[in-house]
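Novice: Sequence and predicted structure are below.
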Amino acid sequence: MFFFLATPEYDNIQSNITKVRVHLNTGIAEIFDQHQDLMGRVENDIVEVEALNENRLEKFTFVLQDGIFVVSTKGLDPKDSRGTGVYIYARQAKVLNSDFSLEEITKKYEQKSAELEIQNQKYNEAGATSVLGKSIAPKVLLLESEVKYFERVISIAKSLKTKA
């Protein structure tokens, strides 16, 4: 099975995948080789990938922001003969592995939270109906989304750390 994860800043391509678990708001989808074609939405949630490398099972956990996934038994390219493919596109993705730094994510979270507070203050001072307020509103929404995403990454990383 083939796995492809893409964001504007990051991509991850893996083959020899044995299973992909996508945690959705409505439940968990487990994808194996020859799975039926499927599409779904992942909202700030988890994707777990199991791969077979050198007769060793490796597990990868990704936390996504606003992701969609497509499962295709034919692949997106008809000339590609890798079999079942799982394609995921997200706004952001963090892989929770040995290189993951909780301190770095916490620092980004604090920066985005401070920036959100400043933009909220500007928005409240300008007023929702003013031209300035209307230009600040999209920034506030984007920052709120990023802050929630970093909160989710920190929460999942801490819960996985306590299980280990």
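Specialist: Sure, I can see it. Everything numeric here is computed off the predicted structure, so don't read it as measured data.
Novice: tell me what the longest strand along the chain is packed against?
Specialist: In the chain, assigned by DSSP state E, the strand with the most residues is strand 56-65. Under the contact definition 3 or more C-beta pairs under 8 Å, 6 or more residues apart in numbering; DSSP states H and E, strand 56-65 sits against strand 46-53, strand 92-95, helix 131-163. Every C-beta, even on glycine, is put in place using the N, C-alpha and C of the backbone.
Novice: any chance of those in TSV, with distance to E103 and mean neighbour count too?
Specialist: Shown next, in TSV, are these (distance: least, C-beta to C-beta, whole Å; neighbours: other C-beta atoms under 10 Å):
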stretch	distance to E103	mean neighbour count
strand 46-53	21	18
strand 92-95	14	20
helix 131-163	10	15
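Novice: export the ones you listed to a markdown table and tack on mean pLDDT?
Specialist: Below are those laid out as a markdown table (pLDDT from 0 to 100):
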| stretch | mean pLDDT |
| --- | --- |
| strand 46-53 | 90 |
| strand 92-95 | 92 |
| helix 131-163 | 89 |
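Novice: dump the residue contacts of the residue most central in space within the chain.
Specialist: The residue lying closest to the centre of the chain (C-alpha atoms, centre = their mean) is L64, at 1.0 Å. Counting by C-beta atoms under 8 Å, 6 or more residues apart in numbering, L64 touches 42, 44-47, 88, 90-93.
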